[in-house]
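> Attaching a predicted model along with its sequence, questions to come.
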Amino acid sequence: MLKKVIQSFFIILFICCVAFRVWCTTKCRQIGYEISAIAKENKYLIKERDRLKKDFKSLKSPHRIGDIAEKQFGLAAPEKGQTIIIK
């Protein structure tokens with residue numbers, strides 16, 4: 001009787017260990033896929049950030065702003081004598 005109880009206990013323990021091992025393996029794979037997806041998103045966001053920095057630099061360039069001022073608003077650079085220096 002005692003032998004059967006001990007044998008049943010070890011069988012249940014073995015099944016629990018196998019189930020735990022399967023769960024751990026599945027969880028590790030799932031986390032690995034999540035890490036891979038996050039790394040891919042991170043790579044995309046870094047490229048997007050670099051593109052936006054480049055766009056920002058080109059948008060704030062004085063040459064571009066001068067072109068817009070001349071073409072869209074009809075402004076021109078001041079001629080000699082049109083500027084006043086205030087001290």
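All right, it came through fine.

> number of nearby residues for Glu34?
Look at Glu34: counted by other C-beta atoms under 10 Å, it has 10 neighbours. (Each C-beta comes from the backbone N, C-alpha and C, glycine too.)

> Can you name the element that comes right after the host helix or strand of it?
In this structure, Glu34 sits in helix 2-59 according to DSSP states H and E. Next along the chain after helix 2-59, taking DSSP H and E as the criterion, comes helix 62-73.

> still on that earlier bit, and the helix holding Glu34, how far from the chain's centre?
Taking the mean of its C-alpha atoms, helix 2-59 sits 18 Å from the chain's own mean (C-alpha atoms, centre = their mean, to the nearest Å).

> got the angle for it vs helix 62-73?
70 degrees (axes from the mean of the first three to the mean of the last three C-alpha atoms, to 10 degrees).

> Under the pLDDT cut-off, which ranges of the chain? List them.
Residue ranges of the chain with pLDDT under 70: none are present.
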